[in-house]
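[1] fold the following, please.
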Amino acid sequence: MVVVKEKIKSLVDIMPVNEAESLLFYIINNINVDSNDDLWDSIVEVEPDEIDMQMIQEMENDVDCNDFS
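    Numbers count the residues shown, from 1 in each chain. Next up, the predicted model:
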């Protein structure tokens, strides 16, 4: 699947702007790109286990770590 996406990206990179615009309109009008939105709603949230809590604590105590909260 990744190979297919990379090929599409490469083709779009060399495509003239007007053709890229036509492709974008085709995708918007013919492919349901919003179908993945429902997937987020189906994710079950669980409480972090002991290992998760250790990782979170290490992150919070690491001064070189970016803020992920």
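[2] can you give me the helices for the chain?
    For the chain, applying DSSP state H gives helices covering 2-14, 17-30, 37-41, 50-61.
[3] worst average pLDDT in the ones you listed?
    Sorting the helices of the chain by mean pLDDT places helix 37-41 lowest, at a mean of 68.
[4] hmm, back to that, mean neighbour count added to the helices of the chain, as JSON lines?
    (Each C-beta comes from the backbone N, C-alpha and C, glycine too.) Listed next are those as JSON lines, based on neighbours: other Cβ atoms under 10 Å:
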{"stretch": "helix 2-14", "mean neighbour count": "9"}
{"stretch": "helix 17-30", "mean neighbour count": "10"}
{"stretch": "helix 37-41", "mean neighbour count": "7"}
{"stretch": "helix 50-61", "mean neighbour count": "10"}
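[5] what lies in contact with stretch 60-69?
    residue 59 (Cβ atoms under 8 Å, 6 or more residues apart in numbering).
[6] end-to-end on stretch 42-61?
    Stretch 42-61 has its terminal residues 32 Å apart, counting by Cα to Cα, to the nearest Å.
[7] let me fix that, I meant to ask about stretch 13-21.
    12 Å.
[8] next one: it to chain centre, how far?
    23 Å (Cα atoms, centre = their mean, to the nearest Å).
[9] residue 63 and residue 15, how far apart?
    45 Å (Cβ to Cβ, to the nearest Å).
[10] more crowded one of these two?
    Neighbours were tallied for residue 63 and for residue 15 using other Cβ atoms under 10 Å; the higher tally belongs to residue 15 (13 against 4).
[11] list the contacts of that one.
    residue 23.
[12] how much space separates it from residue 2?
    Distance, residue 15 to residue 2, using Cβ to Cβ: 20 Å.
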